[in-house]
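Visitor: build me a structure from this.
(one chain, ligands or ions: 1)
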Amino acid sequence: MTLVLNQTEQLTSGLKAMGVKLAEVQQAKILRYLELLHKWNKAYNLTAVRDPVLHVSRHILDSLAALPYLKGVQFLDVGAGAGLPGIPLSIALPESHWTLLDSNGKKTRFMDQCRMDMGLPNLRVEHTRIEAFSPDVKFDGIISRAFATIGDMIAGCRDLILSETRIYALKGLYPHDEIEAMPADFEVVEWHKLEVPGCDGERHLLIIARSGNTGGS
Ligand SMILES: C[S@@+](CC[C@H](N)C(=O)[O-])C[C@H]1O[C@@H](n2cnc3c(N)ncnc32)[C@H](O)[C@@H]1O
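Guide: Coordinates of the predicted model:
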């Protein structure tokens, strides 16, 4: 009970500090996700962050920090693991559609369990390697956190990246080397330094697109 209260308070104050408004039902879904993550992490090793007190800042608020910069309605989270950042973002953006993909069956089963338990009709889970994925939709945005270098992410997703697709890469330190090594037909169109309550260290969001895509909608 104490745990839930702590997480509730942390979530409420974190969202307020970030200027993110979520309805009560959305906040309840996020708290239920935290509960499931804590429960199944013990058995399935879903995230290296073991302390549930840190899950709010390191996982939920960190994921939601990308919220103001997302454009479009159809998103793919590559290497979503336990559902990050895709699950918090799909809860915050119920009108958009989210495909959460991972090659690890334990993790996709967990995400599917969350989808059913929490009632997330805008979420779809794919158990496959990104290189083998052939979707039946076009993505406006492809997002990842802690998945791969920018170059490897582009290589894995290349066939899914249309001229108007934006790639969102959540990073710790500013990835100078990765940007330098990026394929020549891609460019960084936006860079945002993120403030995440409760997270020490730097957080960056790089928005990348095929050259010539300014991201206007
Ligand atoms: C370090 S975890 C990050 C998970 C999550 N995005 C997060 O921030 O907590 C990287 C994930 O990428 C997945 N992965 C690695 N290579 C992949 C590939 N080629 N296709 C799909 N998933 C992959 C792994 O199974 C793992 O769950």
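
Visitor: got a list of contacts for stretch 180-195?
Guide: 18, 62, 65-66, 69, 149-151, 154-155, 166-167, 174, 179, 202-211, 213-215 (C-beta atoms under 8 Å, 6 or more residues apart in numbering). (C-beta placed from N, C-alpha, C; glycine too.)

Visitor: same thing but at 7 Å, please
Guide: 65, 69, 150-151, 154, 179, 203-211, 213-215 (C-beta atoms under 7 Å, 6 or more residues apart in numbering).

Visitor: where does residue 55 land in three-state SS?
Guide: helix (DSSP: H, G, I helix; E, B strand; the rest coil).

Visitor: touching, it and residue 37? I think so.
Guide: Yes - taking contacts as C-beta atoms under 7 Å, residue 55 lies within contact range of residue 37: 6.2 Å.

Visitor: stretch 76-96: end-to-end distance?
Guide: Here the two ends of stretch 76-96 are set 11 Å apart, with distance taken as C-alpha to C-alpha, to the nearest Å.

Visitor: what is the mean pLDDT for that stretch?
Guide: Average pLDDT, stretch 76-96: 98.

Visitor: and that stretch, what's buried?
Guide: 76-93, 96 (16 or more other C-beta atoms under 10 Å).

Visitor: hmm, that stretch in reach of the ligand?
Guide: Yes - for stretch 76-96, a contact with the ligand is found by C-beta under 6 Å from any ligand atom, at 79, 80, 81, 84.

Visitor: redo those as JSON lines? Include secondary structure and distance to residue 122.
Guide: Formatted as JSON lines, those follow (DSSP: H, G, I helix; E, B strand; the rest coil; distance: C-beta to C-beta, whole Å):
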{"residue": "79", "secondary structure": "coil", "distance to residue 122": "20"}
{"residue": "80", "secondary structure": "coil", "distance to residue 122": "14"}
{"residue": "81", "secondary structure": "coil", "distance to residue 122": "19"}
{"residue": "84", "secondary structure": "coil", "distance to residue 122": "16"}
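
Visitor: fine by me, thanks again.
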